[in-house]
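Q: next input, structure requested:
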Amino acid sequence: MIQNQRAHPRIEIRLDGRLLSLDGRCNLRCVITDLSEGGARVSSSNYDLVPSRVFLLIEKTGDIFECEVRWRRVDGVGFAFIDSPGRVGRKKLLELYRAAPI
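A: Numbers count the residues shown, from 1 in each chain. Below you'll find the model as predicted:
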């Protein structure tokens, strides 16, 4: 039997999300397929366009997480949560969210 070595248990979910960067270069739709206290896995048709640091916005709740890419595969991208953005950063990200995604 293979033991799970993860620091935080994962919860399988299916939530619409958006991957955003403060410089505006990244504004991609994604589906969050699992979530944990320490990170998330998302699927996106443009996984190769995701920068190494990005913000993940959960559309249903408006929650924003600063993330760092841990791995990339054809079926998705794995992120570790870094920090939450400050108030000014969150406002800028929400403005970008209102813009048309790729």
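
Q: pull up the pairing partners for the helix or strand containing L28, direction included.
A: Per DSSP states H and E, L28 falls inside strand 27-35. When pairs are called by DSSP bridges, strand 27-35 turns out to pair with strand 11-20 (antiparallel), strand 39-43 (antiparallel).

Q: what residues sit buried inside the first one?
A: Looking back up the chat, that one is strand 11-20. L15, G17, R18, L19, L20 (16 or more other C-beta atoms under 10 Å). For the C-beta atoms, the positions are set from N, CA and C on the backbone; glycine is no exception.

Q: contacting residues around it?
A: Contacts to strand 11-20, defined as C-beta atoms under 8 Å, 6 or more residues apart in numbering, come from residues 26-36, 42, 44, 50, 54-60, 64, 93, 96-97, 101.

Q: out of these, which are buried?
A: Buried among the contacts of strand 11-20 (16+ other C-beta under 10 Å): 26-28, 30, 32-35, 42, 44, 50, 54-58, 64, 93, 96-97.

Q: least confident secondary structure element in the protein?
A: helix 87-98 (a mean of 72; mean pLDDT, DSSP states H and E).

Q: follow-up on the earlier one: in TSV: the strands paired with strand 27-35, plus distance to A80 and mean pLDDT.
A: Below are the strands paired with strand 27-35 laid out as TSV (distance: least, C-beta to C-beta, whole Å; pLDDT from 0 to 100):
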stretch	distance to A80	mean pLDDT
strand 11-20	14	94
strand 39-43	4	94
